[in-house]
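K.L.:
What follows is a predicted protein model with its sequence.
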Amino acid sequence: MRQIFILAVTVLCLFCNRSSGDETASVSFRSDIAPILVDSCLACHGPKKAEAGYRVDTYEELLKAGDSGELPIATSPDHVSELLRRIISDDESERMPAENEPLTPEQIELVKTWIAAGGKFDGEDASQTLALVIPPAQYADPPEVYSQAIPITATAFSPDGKLIVTSGYHELAIWNTEDAKLVRRIKNVGQRVFALAFSLDGKTLAVGCGEPGRSGEVRLVDFSSGAIKGVVARANDVVLDLAYRPGTNELAIASADSSIRIVDVGTLQEVRTIASHADWVTAVAWSDDGTRLASASRDKSVKVYDGATGELLSSYLGHGAAVRGVSILADNKQVVSVGADNKLHRWDIEGAKKVAEVGVGGEGYKLIRNGTNVFVPCSDKRLLRMDLTNNTIAQEYKGHNDWVLTACYQPTTTGDENSRYIASGSFDGEVRIWNMADATIVRQWIAKP
């Protein structure tokens with residue numbers, strides 16, 4: 001009798017568990033349907049290109065009929081949903097996605113199940129873009145060993161100056177500055193990393209990353225453990241730069257979706273969005289006191305905003321080509337910027353008037369300013385130190401064999417600039433550490449795990 005009782009309880013538990021699992025296995029728009037739409041539909045049915053007048057970039061748009069007038073998601077089970085009819089059609093002239101592989105049977109079954117259950121939205125805001133609706137990704141691990149080096153697009157010294165962080169493929173690599181040995185790897189970041197910045201207390205590393213043309217975000221990483229503390233500024237395209245507002249938790253984030261987002265990393269809340277540029281925002285920089293913010297863009301302009309309100313104060317159009325780097329000078333009255341015209345421009349914020357121009361020999365990238373010096377990574381394989389007291393090239397850090405894409409300088413607690421290091425990363429995967437004072441090489445290696 002006891003054995004029969006135990007068997008009955010076991011069967012009952014299995015039945016209950018199975019029933020509970022079936023109930024919780026419903027199809028989610030956020031996790032199941034939105035990724036299908038992004039992968040297979042968004043390219044032809046987004047805000048910029050809406051074939052047949054139909055868009056799928058938000059849940060709200062997904063429900064609206066296109067030029068055909070047929071409801072994409074039928075409100076009654078007795079009616080056919082146009083979305084489903086299109087993806088299962090045998091007629092190639094009607095089947096979606098057009099001129100591409102059809103959805104897999106598994107994907108079609110997900111869509112069928114979701115529509116049959118009412119086509120419900122399980123996110124917070126039906127007007128949000130799909131990139132924001134989809135839960136933050138858990139990225140695949142990077143390769144254990146790289147078959148070849150990849151471009152170094154971002155670097156940062158640790159707050160104590162003993163380590164240097166470099167961009168990798170879905171990861172960050174942490175190296176010892178004394179012997180260039182790999183210390184550890186931080187995983188679960190976007191495919192490409194374009195920007196790094198440490199918080200004021202040095203405990204959190206903001207990682208601007210994404211997959212070009214598909215997604216972008218900032219991952220906030222606990223530097224000591226490598227754990228992801230939060231994900232902010234999610235967008236449809238990559239994050240290209242970021243900068244902490246001095247003395248605050250506010251982070252300015254530049255994206256290839258043409259926007260600048262100001263996020264409070266303490267609360268993970270967005271403070272404001274600035275949509276002033278017409279193309280990629282490639283770089284952002286705060287003034288030393290945080291009262292002004294500057295941005296550079298592929299739309300050939302540089303802009304300056306009020307740091308507290310986001311109000312546009314000035315717009316400089318003197319480059320005539322994509323702008324890649326920008327810095328506000330210490331007096332808050334002037335800006336320097338570089339880009340694809342191979343020149344450094346110095347100009348007044350008031351009136352946006354150019355006051356000086358210096359050729360730098362190649363396309364310049366993100367600038368680093370240190371007092372009256374500004375460092376320019378260049379596509380002509382050099383890192384340059386520009387002396388802003390006389391607007392000249394004061395020093396050349398030469399030796400890279402490919403474009404220099406990024407640079408960072410070592411924090412100092414002694415105040416002795418002569419003992420300070422500066423590091424540069426290039427397109428061929430090489431990292432070089434230099435003595436800032438005399439431009440001699442301290443260490444060099446290919447940053448390939």
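P.N.:
Noted; the coordinates are in hand.

K.L.:
list the helices and strands the helix or strand harbouring residue 271 packs on?
P.N.:
According to DSSP states H and E, residue 271 maps onto strand 269-274. Packing partners of strand 269-274 (3 or more CB pairs under 8 Å, 6 or more residues apart in numbering; DSSP states H and E): strand 260-264. Heads up, the C-betas are built off the backbone N, CA and C, glycines and all.

K.L.:
What are the buried residues along the strand it packs on?
P.N.:
Along strand 260-264, these residues count as buried under the neighbour rule (16 or more other CB atoms under 10 Å): 260, 261, 262, 263.

K.L.:
would TSV of these with distance to residue 349 and pLDDT be doable?
P.N.:
Below are the buried residues of strand 260-264 laid out as TSV (distance: CB to CB, whole Å; pLDDT from 0 to 100):
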residue	distance to residue 349	pLDDT
260	17	98
261	22	97
262	19	97
263	25	95
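
K.L.:
Closest one to residue 432 out of those, please.
P.N.:
The closest of these to residue 432 turns out to be residue 260 (CB to CB; 31.0 Å).

K.L.:
out of everything not next to it in sequence, what's closest to that closest one?
P.N.:
residue 274 (4.1 Å; CB to CB, 6 or more residues apart in numbering).

K.L.:
What's the local residue count around that neighbour?
P.N.:
21 (other CB atoms under 10 Å).

K.L.:
Contacts only, for residue 183.
P.N.:
With contact taken as CB atoms under 8 Å, 6 or more residues apart in numbering, residue 183 is in contact with 163, 174, 175, 176.

K.L.:
Show me the two of these that sit farthest apart.
P.N.:
Within those, two members stand farthest from each other by CB to CB: 174 and 176, at 8.2 Å.

K.L.:
what touches both of these two?
P.N.:
Here residue 174 and residue 176 share the contacting residues 163, 183, scored by CB under 8 Å, 6+ apart.

K.L.:
Which one's more surrounded, those two?
P.N.:
Between residue 174 and residue 176, counted using other CB under 10 Å, residue 174 has the larger neighbour count: 17 against 13.

K.L.:
Now do the more buried one against residue 167, distance only.
P.N.:
The gap separating residue 174 from residue 167 is 12 Å, by CB to CB, to the nearest Å.

K.L.:
Who does residue 359 form a beta bridge with?
P.N.:
When bridges are called by DSSP bridges, residue 359 pairs up with residue 343.

K.L.:
what about it, how many neighbours?
P.N.:
A total of 10 residues lie near residue 359 under the criterion other CB under 10 Å.

K.L.:
That one and residue 143: what is the separation?
P.N.:
Distance from residue 359 to residue 143, by CB to CB: 40 Å.

K.L.:
Same check on residue 304?
P.N.:
If you go by CB to CB, the gap between residue 304 and residue 143 works out to 42 Å.

K.L.:
Compare these two and say which is more crowded by neighbours.
P.N.:
residue 304 (24 against 12).

K.L.:
Nearest residue to the more buried one in space, please, no chain neighbours.
P.N.:
Nearest to residue 304 is residue 314, by CB to CB, 6+ apart, at 4.3 Å.

K.L.:
Next, the contact list for that neighbour, please.
P.N.:
By CB under 8 Å, 6+ apart, the contact set of residue 314 is 303, 304, 349, 350, 351, 352.

K.L.:
Filter those residues down to the buried ones, PyMOL style.
P.N.:
The PyMOL selection below is limited to those of the contacts of residue 314 classed as buried (16+ other CB under 10 Å):
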select buried, resi 303+304+349+352
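
K.L.:
Would you format the contacts of residue 314 as TSV with secondary structure and distance to residue 320 included?
P.N.:
Below are the contacts of residue 314 laid out as TSV (DSSP: H, G, I helix; E, B strand; the rest coil; distance: CB to CB, whole Å):
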residue	secondary structure	distance to residue 320
303	strand	16
304	strand	19
349	coil	20
350	coil	22
351	coil	18
352	coil	14
